[in-house]
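Colleague: only geometry, no sequence info:
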């Protein structure tokens, strides 16, 4: 018998709610639960409860959790403004497959126009298009009001839509449907509180990546990595491969990977075992080769452990590759895997997380059709996200061609309706929406029709200065409302707009070339390491006596690389300082403090010209360095002042992220994570995932002390990539005025000599005649 998934989820939720109501005395004793703390969207926090309800949570902490989301965390980037006689806004919320909601409450903060007629106006709250409540809008309290709206937990499914719908009227006679008094504002700090019960899942690898990662969970992924003993570099490599896979899965959510040694986590975790050792109190299956298992966590009945095993580090690596590449058939609680054969080599810039730069890219590759159509008189933006290698070089181009095909409800009369094209919140162009008087002269291609052409198409050139590694194309339909006159306005609300999936954006005419070091490229795009999606040109240099915090830094970096590329980092290498010469042809990532990373002292003079060897002291630049910085348009004086202020007045330990050209090979890059201690390095790595701090990661040196963080450009630059010879010549001369003068002088001299010889030859011919 096949059960409908939605029906089953609702049935379970209903049973759980009834179970809670079946103990009225106990519920009455503990009914004062509340919440007072919320994290950001990427990491909602469990709601803390007062002491008298803490007993309930403590007794069932493995089975019940409370979460809180603000509307901002659900996608409302600013307060929600509802306008017109029928204004609405919908927000999306997804739920994990191993959780069932048993209680839900929306704490709504809102204000409304004092001109509304209370008997005719109200605010509807809908969940998945089912009415939950209608909130009255009286004259009293219109400046600000808070209401608690109870949501039916049985109505929640995997993908949910929370809708706020304003029904507003300001007169009982003829009214203007778009009158300025028809409004309500809802704070995006309003909060949705959920109580969920965790379901106990079977030990089945077919569920992967769940429950360790659930695509329906928009929270930041926190997944501990467990090692039975201190791991070597070869075991860390396997862990890095797995971390990069989970980083790719978590994508925009971000990921943290705490390290546990011979200790089990309270929740889900990943364990890597090379040999027969296992954490105390845990029984593992017999290891007869590369294998993967899912077992229950003895500390939590609803949590699981993903165990990646091998008799040695080589077999462990085979198991990690089989897991991350999905080549093995994973089912049941335990599976043995074989050596991976013929893993294709990656090509430069072919990361699945980047759009191709060798051909036009159709919007069908970037977004679903359902996400590229809107409706209503004041529709939301259509957003198309895409990631791009940051070394695309569109110098002196007219712009990036965007071939846009779009459809819309024809305007009945000529008006000011437009399709506004923006990228990264910067306005590019407004495309007027034409009217079609009389009979409809063109067919409208809507999803329910089979044929017909797009109403309009336009090629828009996007200025290259507005494009970065991570981008969002924003297309906003503005439908003008034309008033017909008193008692003649009819609010049809039939406006529709869509972007065809045949629309393209094309970067194929641009070469790859950029200046380094650039820590903004590294933190946001993993560049230049992510140039190869499998990180085959990357080596990570770990300390000889690596601390858990340094392991966390390494896994955080690998997770971020996977997030950028969308592919596991199966071909990077993890080495010690003693073997760095063997990886001279690779880009290097150094992790460690000055006391346990020998390369920091060995390369101190090349690492940063203004840092004293073996310390965090700044060296005063000489006259030549000052003159050179001015020539290169770098404000060295300001950078020195800010760096010195951070070092002397910082409110915590010092961490530094330093980028420079590899001393082993020209054109290769080095990025070093260092600090006063391993914990400070890990703090710096965590800051890389904070959107509020990201803008500070720039230049070739980032320093962090407590809550203060600064980025500087102090050292020399170098270039990576290739340009056509004519573009390279133009680029070089544009940046070297003296060379340009010399080139023009030599060209003029060459022309003069050639002309002189030609005229001399003509004169000799005349004399002979």
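Modeller: Yep, it's here. Note that the coordinates shown come from a computational prediction; the quantities given were computed from them, not determined experimentally.

Colleague: Pull out the buried residues from stretch 159-178.
Modeller: Residues of stretch 159-178 classed as buried: 160, 162-170, 175-178 (neighbour count, 16 or more other Cβ atoms under 10 Å). Using the backbone N, CA and C atoms, a C-beta is placed for each residue, glycine as well.

Colleague: so of the residues you listed, which ones are in helices?
Modeller: Using DSSP state H, the subset of the buried residues of stretch 159-178 located in helices is empty.

Colleague: Dump the residues you listed to CSV, plus pLDDT and distance to residue 502.
Modeller: Below are the buried residues of stretch 159-178 laid out as CSV (pLDDT from 0 to 100; distance: Cβ to Cβ, whole Å):
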residue, pLDDT, distance to residue 502
160, 94, 31
162, 95, 33
163, 95, 31
164, 95, 34
165, 95, 34
166, 95, 36
167, 95, 38
168, 94, 39
169, 94, 43
170, 92, 44
175, 84, 42
176, 84, 39
177, 84, 35
178, 84, 33
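
Colleague: quick one: the strands in the stretch 51-200 of the chain?
Modeller: 64-70, 80-83, 86-94, 99-112, 122-127, 130-136, 145-151, 159-167, 183-186, 191-198 (DSSP state E, counting those that start in this stretch).

Colleague: Now stretch 403-415: average pLDDT?
Modeller: In this model, stretch 403-415 carries a mean pLDDT of 87.

Colleague: give me every residue that touches residue 545.
Modeller: By Cβ atoms under 8 Å, 6 or more residues apart in numbering, the contact set of residue 545 is residue 596.

Colleague: I meant residue 403, not that one.
Modeller: Counted by Cβ under 8 Å, 6+ apart, residue 403 has contacts 360, 457, 459, 503-506.

Colleague: Give me the buried entries from those.
Modeller: Counted by 16+ other Cβ under 10 Å, the contacts of residue 403 give 503-506 as buried.

Colleague: Excluding chain neighbours, what is closest to residue 80?
Modeller: Take residue 80 and drop its neighbours on the chain: the residue closest to it by Cβ to Cβ, 6 or more residues apart in numbering is residue 186, 4.2 Å away.

Colleague: Quickly list what that neighbour is bridged to.
Modeller: With DSSP bridges as the criterion, residue 186 is bridged to residue 80, residue 110.

Colleague: Just the local confidence number for it, please.
Modeller: 95.

Colleague: what about it, how many neighbours?
Modeller: 21 (other Cβ atoms under 10 Å).

Colleague: Help me confirm that it comes into contact with residue 78.
Modeller: No: with contact defined as Cβ atoms under 8 Å, residue 186 does not count as touching residue 78 (10.6 Å).

Colleague: So for residue 273, which of the strands of the stretch 51-200 of the chain sits nearest?
Modeller: Set against residue 273 and scored by Cβ to Cβ, the strands of the stretch 51-200 of the chain come closest in strand 191-198, at 26.1 Å.

Colleague: Which strands or helices does that closest one pack on?
Modeller: strand 64-70, strand 99-112 (3 or more Cβ pairs under 8 Å, 6 or more residues apart in numbering; DSSP states H and E).

Colleague: at 10 Å what do you get?
Modeller: Judged by 3 or more Cβ pairs under 10 Å, 6 or more residues apart in numbering; DSSP states H and E, strand 191-198 is in contact with helix 5-21, strand 64-70, strand 86-94, strand 99-112, strand 145-151, strand 300-310.

Colleague: Can I get these in TSV including mean neighbour count?
Modeller: TSV is the format used below for the helices and strands packed on strand 191-198 (neighbours: other Cβ atoms under 10 Å):
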stretch	mean neighbour count
helix 5-21	15
strand 64-70	19
strand 86-94	17
strand 99-112	21
strand 145-151	15
strand 300-310	23
